[in-house]
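Visitor: Turn this into a model:
(one chain, ligands or ions: 1)
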Amino acid sequence: MKHPKTILLVLAETAFVLLLILCQMKTCLASNATHYPCNNVYHSSNIDFMVQGSYKEFFPLMLQLGLDTVFREDQKNIIKNASQIFINRALENRIIDCAYRNSSKNLPTSRDAFINELYSAISPNYISGTTVPAFAFIASFNNDPNIVGIGYVDLFYDCNNPLPGYKNKHYLHIAINSDKLGNSSNYFFAKNEAYWAGIIAHEFLHNLGYEHKGGYTGSFINEYRKCIQYDGASLQMIDGNICDFNFDKEVYRDDL
Ligand SMILES: [Zn+2]
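Guide: Just a heads-up that it's a prediction; the model follows:
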């Protein structure tokens, strides 16, 4: 017969192992619900395409994108074209002018700070003489009719689970409602690539820490989204189709 102390130790060890398993289950449940990047090898080996552009016609923008395997081909095409539209417009003066013109709150600390933040997320890294494009993963979710996207707030500065070459930062990671996207959806913007470019931009800015506290209207992150969609021509008045309702979800680290 075992000594009572040994039995207690075994029980404690069993409880610890059970706790560990439960913790891992919770992480996986969260991962299944929101596709939070807990498996970088899986995500980074899932590169579907690359979009390229430039800032000031000189500094290269280079973003590889991995897409959730559940997206259909028509959906992938829309995301690819939308991503290219985003890269073409992201750091153009007319877009940033437009976002500043229409924003009244949640502004960047400065225009240069915003450009630097976004540039560092969508430009290549140079590691040991090798050019490594920036990386973004777009997950899919469905059965949530009230929102079109999910943005993980401040994720880009979470240095846990980096990809190789991303020593002190994360990569971009967002989610799109696949029920709203593509040929089989009856959502008004289902096939509108410029609209999805705006949504991708908005969710990326959540990754960079931007929020719309106190409502969408007038927040920098939301005005930037519209300026991407309308190529810098966004005015408050032409955006009658999108009022100040919740079209996306911000996910914080504490929620996971
Ligand atoms: Zn948002």
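Visitor: where along the stretch 101-250 of the chain do the helices fall?
Guide: Using DSSP state H, counting those that start in this stretch, the helices of the stretch 101-250 of the chain run over 111-122, 193-207, 220-229.
Visitor: okay if I get these as JSON lines plus distance to Ala139, mean neighbour count and mean pLDDT?
Guide: For glycine as for every other residue, the C-beta is placed from the backbone atoms N, C-alpha and C. JSON lines is the format used below for the helices of the stretch 101-250 of the chain (distance: least, CB to CB, whole Å; neighbours: other CB atoms under 10 Å; pLDDT from 0 to 100):
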{"stretch": "helix 111-122", "distance to Ala139": "17", "mean neighbour count": "16", "mean pLDDT": "97"}
{"stretch": "helix 193-207", "distance to Ala139": "10", "mean neighbour count": "25", "mean pLDDT": "97"}
{"stretch": "helix 220-229", "distance to Ala139": "19", "mean neighbour count": "27", "mean pLDDT": "96"}
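Visitor: any chance of those helices in CSV, plus distance to Ala175?
Guide: Listed next are the helices of the stretch 101-250 of the chain as CSV, based on distance: least, CB to CB, whole Å:
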stretch, distance to Ala175
helix 111-122, 17
helix 193-207, 8
helix 220-229, 16
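Visitor: Minimum distance to Asp68: which of those has it?
Guide: Proximity to Asp68, assessed across the helices of the stretch 101-250 of the chain by CB to CB, is greatest for helix 193-207 (13.7 Å).
Visitor: Now do that closest one and helix 111-122, the angle between them.
Guide: 100 degrees (axes from the mean of the first three to the mean of the last three CA atoms, to 10 degrees).
Visitor: same for helix 193-207, what does it pack against?
Guide: Helix 193-207 is packed against helix 73-89, helix 111-122, strand 149-152, strand 172-177, helix 220-229, strand 248-251, with contacts defined by 3 or more CB pairs under 8 Å, 6 or more residues apart in numbering; DSSP states H and E.
Visitor: Among the helices of the stretch 101-250 of the chain, which comes closest to Gly66?
Guide: Gly66 lies closest, by CB to CB, to one member of the helices of the stretch 101-250 of the chain: helix 193-207, at 13.4 Å.
Visitor: Which one, of the helices of the stretch 101-250 of the chain, ends up nearest to Phe156?
Guide: Among these, the nearest to Phe156 by CB to CB is helix 193-207 (4.6 Å).
Visitor: Low-confidence regions, the chain specifically.
Guide: Where the chain drops to pLDDT under 70, the residues are 1-45, 161, 164-165, 167, 236-246, 253-256.
Visitor: Identify the residues contacting the helix or strand hosting Asp97?
Guide: Using DSSP states H and E, Asp97 falls within helix 93-102. Applying CB atoms under 8 Å, 6 or more residues apart in numbering, the contact partners of helix 93-102 are 89, 107, 111, 114-115, 218, 220, 223-224, 226-228, 230-236.
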